[in-house]
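A.B. asks: This is the structure alone, sequence omitted:
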């Protein structure tokens, strides 16, 4: 994400914990290029949120819970990158996420954020918005 | 014939072929079935024809388990029993409720529901409800009009029929009053079954009045039909050694005490401003196909396949509407729309305009869960050292629920949350996701359906009575009422109590042939 300030990325890293830090720093020679890809993917993912403020509310609670350790929001970024590649369009990513969320709901792969029941991916997406 | 036992000379011997203890739904049903049979039936009722606080106080006892109703308020001790304040919900247990099931312990009736259906059909008339047809579409609850999450495969509409409600005392008292072979003794408190020297047959039941008279009622067969708690109490205080109990060699009497677990478990936030609503779980409705309109109430249940596949117990899910401006428990996360733009499913609710309750827009519903409990041997009725006004030991209620019950409740809400979100209908906030297995919402309670304390079961070693409701090891003692239920299902018990009473009456008549 070329336009994403470093500070915001650091904030994101800090929020999602050491697991994500380890992933990001494991391959230093490729870090710059992959960071750009991840930053772009983060931006695309966040652009899908229709209501940033409410997503952040959800995400803030998520990040304060044990869910953040078990399923950090950056893991979602990695998953989408792996599935769609770095150059996928926002629309393609939206379709992928909708299908993924529907699948999770179908299989009751849900989490509870302050009691609200939502798919794991939805919750991670909200957490991403709160982390940046 | 009705006789006030206080008018009978102290010590008068009373005899009959069959003595029934308790004139509630079960006892009155059995007595009616014996009316005209030629068998001499003695029906003992602790109270009179109306509420009396001194008699009612005989129910008093202690509670040492989870918070529970005051025992003097949740049942009624006069002719007609607790049907005198019955709300009238009628529905049979489901076939799955009778089965042994993987992952759910202590389950299994000794017969299938199909074996009980002939008596269920007859019980419909006794309870003054419609035909034995509980299919929602037969009551105008049509799938296409339902919100998607409740068209299956997990959550499905169910209905209960509503009795007027039948007050068994006033409805059926006159025919017993004119009976030539049934005698109803009022103010007759059964307080002890005297066994023979081999402990395998009841000789007589000791009866006392609050005025101090004492009697012995002898009969060839005895039926205890005094309610889910009192049945256990009477068996426990009986026998040659007080407290040892009759038919209690396995220490099962009083154990497995169950009620449905009830609480407001969360909230369903509806995605779009509602405009019309055709499905009102928990709200009384009337339906007329032919004849007089009949009242029923829809509710939400789990499909049998989902119960089986997910190893979940039965449920009844109801809701209460929240209208715009009403405070809700949705904070701190207020209602939120789709996480992703244009989640499929949302549009249909806007277009079909299916949300409005009597013209008032609603924003969501509070969810009321009525959960079938896991049969639990540590939830039990015991005897207290304290005695009541007729000298009978009082009860101690030790009602408990299990960790599995909490897991089941939470799992149901998660499943509902997934279904509601998947369809775009809305979002569910669960109050059962606190991570503490012992903690329930503060308003959780056990309802007034007292079950399980003299259970039947496929495995004789897990039961107090056999499939004929006869107490193991006692040749002439039977139990009627919900205390014989080995599982609770989600159904209100009166229809099943009545069906089992009809079945027992048929069995008793056969025994005398």
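C.D. replies: In hand now; what should we look at? These figures come from a predicted structure and were not determined experimentally.
A.B. asks: Tell me how far residue B:191 lies from chain A.
C.D. replies: Separation of residue B:191 from chain A (Cβ to the nearest Cβ, to the nearest Å) stands at 50 Å. Any C-beta I mention is one placed from the backbone N, CA and C, and that applies to glycine too.
A.B. asks: what sits against the nearest residue to residue B:512 once chain neighbours are set aside?
C.D. replies: What sits nearest to residue B:512 in space, not counting adjacent residues and going by Cβ to Cβ, 6 or more residues apart in numbering or on different chains, is residue B:39, at 5.8 Å. When the contact criterion is Cβ atoms under 8 Å, 6 or more residues apart in numbering or on different chains, the partners of residue B:39 are B:16, B:17, B:18, B:181, B:508, B:509, B:512.
A.B. asks: who's in contact with the fourth one?
C.D. replies: For residue B:181, the residues meeting the contact criterion (Cβ under 8 Å, 6+ apart) are B:34, B:35, B:36, B:37, B:38, B:39, B:40, B:41.
A.B. asks: Can you name the residues bridging to the last one?
C.D. replies: Counting by DSSP bridges, residue B:41 forms beta bridges with residue B:18, residue B:182.
A.B. asks: Narrow the contacts of residue B:181 to those in strands?
C.D. replies: The strands, defined by DSSP state E, take in residue B:41 from these.
A.B. asks: Buried among the contacts of residue B:181? Need that as a selection in PyMOL.
C.D. replies: For selection in PyMOL, the members of the contacts of residue B:181 meeting the burial criterion (16 or more other Cβ atoms under 10 Å in any protein chain shown) are listed in this command:
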select buried, chain B and resi 34+35+37+39+40+41
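A.B. asks: Leaving out sequence neighbours, find the closest residue to the residue of chain A found nearest chain B.
C.D. replies: When distances are taken as Cβ to the nearest Cβ, chain A reaches nearest to chain B at residue A:117, 2.4 Å away. Setting aside the residues directly before and after it, residue A:117 is nearest to residue B:417 in space (Cβ to Cβ, 6+ apart), at 2.4 Å.
A.B. asks: Count the residues that sit near the one you found.
C.D. replies: 29 (other Cβ atoms under 10 Å in any protein chain shown).
A.B. asks: OK, contacts around it?
C.D. replies: The contact partners of residue B:417, taken as Cβ under 8 Å, 6+ apart, are A:110, A:116, A:117, A:118, B:427, B:428, B:430.
A.B. asks: Got the phi and psi for it?
C.D. replies: Recorded main-chain torsions at residue B:417 are phi -60, psi -40, according to degrees, to the nearest 10.
A.B. asks: With the one 3 residues further on instead?
C.D. replies: The phi/psi pair for residue B:420 (degrees, to the nearest 10) reads phi -70, psi -40.
A.B. asks: what's the answer for residue B:170, then?
C.D. replies: According to degrees, to the nearest 10, the main-chain angles of residue B:170 amount to phi -70, psi -30.
A.B. asks: tell me the contacts of it?
C.D. replies: Residues in contact with residue B:170 (Cβ under 8 Å, 6+ apart) are residue B:80.
A.B. asks: what do you get for residue B:172?
C.D. replies: Contacts of residue B:172 were listed using Cβ under 8 Å, 6+ apart, and they are B:28, B:32.
A.B. asks: what about it, helix or strand, and which?
C.D. replies: Here residue B:172, judged by DSSP states H and E, is contained in helix B:168-177.
A.B. asks: what domains does the record give for chain B?
C.D. replies: Taking automatic domain parsing as the domain assignment, the record places the domains of chain B at B:1-128+B:163-258+B:449-513, B:137-161+B:261-371+B:402-439.
A.B. asks: Reformat those domains into JSON lines and put distance to residue A:96 and mean pLDDT next to each item.
C.D. replies: Compiled in JSON lines, those are given as follows (distance: least, Cβ to Cβ, whole Å; pLDDT from 0 to 100):
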{"stretch": "domain B:1-128+B:163-258+B:449-513", "distance to residue A:96": "35", "mean pLDDT": "96"}
{"stretch": "domain B:137-161+B:261-371+B:402-439", "distance to residue A:96": "10", "mean pLDDT": "76"}
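A.B. asks: Distance from the helix or strand hosting residue B:506 to the middle of the chain?
C.D. replies: Per DSSP H and E, residue B:506 falls inside helix B:494-512. Chain-centre distance of helix B:494-512: 17 Å, with Cα atoms, centre = their mean, to the nearest Å.
A.B. asks: Then stretch B:89-101?
C.D. replies: Stretch B:89-101 sits 12 Å away from the centroid of its parent chain (Cα atoms, centre = their mean).
A.B. asks: Residues contacting it, please?
C.D. replies: Defining contact as Cβ under 8 Å, 6+ apart, one finds that stretch B:89-101 is touched by B:107-109, B:111-114, B:116-117, B:120, B:124, B:127, B:129, B:132, B:134, B:158-163, B:297, B:304, B:307-308, B:311, B:314, B:372, B:458, B:487-492, B:494-496, B:499.
A.B. asks: Show only the entries of these found in helices.
C.D. replies: Using DSSP state H to define helices, the subset of these located there is B:113-114, B:116-117, B:120, B:124, B:304, B:307-308, B:494-496, B:499.
A.B. asks: Spit out the contact partners of residue 111.
C.D. replies: In the absence of a named chain, chain A is used. In this structure, residue A:111 makes contact with A:62, A:67, A:71, A:117, A:118, A:119, A:120, A:123, judged by Cβ under 8 Å, 6+ apart.
A.B. asks: Let me rephrase: I mean chain B.
C.D. replies: Residues counted as contacts of residue B:111 (Cβ under 8 Å, 6+ apart) are B:98, B:467.
A.B. asks: measure it to chain A for me?
C.D. replies: Relative to chain A, residue B:111 is positioned 34 Å away (Cβ to the nearest Cβ).
A.B. asks: For that residue, what are phi and psi?
C.D. replies: Dihedral angles (degrees, to the nearest 10) for residue B:111: phi -150, psi 160.
A.B. asks: just to revisit the earlier point, between the domains of chain B, which one is nearest to residue A:93?
C.D. replies: domain B:137-161+B:261-371+B:402-439 (9.9 Å; Cβ to Cβ).
A.B. asks: among the domains of chain B, which is the most enclosed?
C.D. replies: Ranked by mean neighbour count under mean count of other Cβ atoms under 10 Å in any protein chain shown, the domains of chain B are led by domain B:1-128+B:163-258+B:449-513, which reaches a mean of 21.
A.B. asks: From residue A:57, how far out is the residue of chain B found nearest chain A?
C.D. replies: With Cβ to the nearest Cβ as the measure, the residue in chain B that lies nearest chain A is residue B:417; the distance is 2.4 Å. Per Cβ to Cβ, to the nearest Å, residue B:417 is found 18 Å from residue A:57.
A.B. asks: what's the answer for residue B:387, then?
C.D. replies: The separation that residue B:387 has from residue A:57, given Cβ to Cβ, amounts to 59 Å.
A.B. asks: Between the two, which has more neighbouring residues?
C.D. replies: Comparing residue B:387 with residue A:57 by other Cβ under 10 Å, the one with more neighbours is residue A:57, at 20 against 12.
A.B. asks: before we move on, which element is that one in?
C.D. replies: Here residue A:57 is covered by helix A:52-63, with elements defined by DSSP H and E.
A.B. asks: Just the buried residues of that helix, please?
C.D. replies: Buried residues in helix A:52-63, counted by 16+ other Cβ under 10 Å: A:54, A:55, A:56, A:57, A:58, A:59, A:60, A:61, A:62, A:63.
A.B. asks: From these, which one has the minimum pLDDT?
C.D. replies: Comparing pLDDT over the buried residues of helix A:52-63 singles out residue A:54 as the least confident position, at 76.
A.B. asks: Go over the secondary structure and confirm residue B:316 is in a helix.
C.D. replies: No. Using DSSP: H, G, I helix; E, B strand; the rest coil, the assignment for residue B:316 is strand, not a helix.
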